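what follows is a predicted structure for the sequence shown.
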Amino acid sequence: HQTQWPGSWRGHTIVRGKRGARRQALGFVTFNESCWITCQAFLREGAGDAKIVAAQELRLDGEQLARARHWSISNGWTPYITPCRRPSTGLPGAGVGIFIRANVQTTLLTGPSGRTGFEVLRSWSCLIHADIGLPGGLLIGSVYMESCNSTDYVGTSLMRYYQLAEHLRYYGPPFIIGGDWNQTPAGFDANGFADMIP
């Protein structure tokens, strides 16, 4: 459901353990306010009891990225942030991240190519395993796709969809992916992404 922060969507799930006992509450938020400054404010003031924040359009690289990682760790979050992209204009764009509370154990993944890390596609998507929510944990992801206003949305984004789907098929469910998809559910059916994932 939408919160008072315009760029966020919050989901809250309680997972039951044996005999119906409360196992763990999973607070998951996806957040996009188009820059690190607003995400930082959200992590500090708006995340509440959320254990995971999937953020998009962080627009960080170089020293700014290093400072953002340091700030996150200092404020109780484990950050997994991809560098942004810089097209010919030189202006920063895209860049995604996953922020997980420091008390939640996380693991880097070895992908289909054999490379270990959290970036699926630099600047556009990332995945991490978190020991949270279910026995065996969950894959947690953050994704940014370009705007629907693009003249060729499918052509621009299909490779990103394909790479994400390839990783999700490789690892298998369960997973939660938060993103700024810039797409409708009907659009997912039309571009075939729903058929690519397990």
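Great, that's in hand. Residues are numbered from 1 along each chain as shown.

all helices of the protein, in order?
Counting by DSSP state H, the chain has helices at residues 36-41, 62-74, 153-171, 185-191, 193-196.

ignoring the adjacent residues along the chain, who's closest to the residue sitting nearest the centre point of the chain?
The residue lying closest to the centre of the chain (C-alpha atoms, centre = their mean) is residue 142, at 1.5 Å. Of all residues not flanking residue 142 in the chain, residue 54 sits nearest, at 3.8 Å (C-beta to C-beta, 6 or more residues apart in numbering). Where C-beta positions appear, they are placed from N, C-alpha and C, glycine not excepted.

quick one on the thing from earlier: so which of the helices of the chain is nearest residue 125?
Between residue 125 and those, the tightest spacing by C-beta to C-beta is seen for helix 153-171, at 5.2 Å.

what residues sit buried inside the closest one?
Within helix 153-171, the residues scored as buried using 16 or more other C-beta atoms under 10 Å are 153, 157-158, 160-161, 163-168, 171.

coming back round to it: lowest average pLDDT across the helices of the chain?
Within the helices of the chain, the stretch with the lowest mean pLDDT is helix 185-191, showing a mean of 74.

buried residues, that helix. List them.
In helix 185-191, counting by 16+ other C-beta under 10 Å, buried: 187-188, 191.

Throw those into a markdown table and include distance to residue 97, thanks.
Converted to a markdown table, the buried residues of helix 185-191 look like this (distance: C-beta to C-beta, whole Å):
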| residue | distance to residue 97 |
| --- | --- |
| 187 | 24 |
| 188 | 23 |
| 191 | 25 |
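
ignoring the adjacent residues along the chain, who's closest to residue 177?
Leaving out its chain neighbours, the residue that sits closest to residue 177 by C-beta to C-beta, 6+ apart is residue 141, at 3.9 Å.

wait, isn't the one you found in contact with residue 171?
No: using C-beta atoms under 8 Å, residue 141 makes no contact with residue 171, being 10.0 Å away.

tell me, what's touching these two both at once?
Common contact partners of residue 141 and residue 171 (C-beta atoms under 8 Å, 6 or more residues apart in numbering): residue 127.

between the buried residues of helix 153-171, which sits nearest residue 62?
For the buried residues of helix 153-171, the nearest to residue 62 is residue 160 (23.2 Å; C-beta to C-beta).
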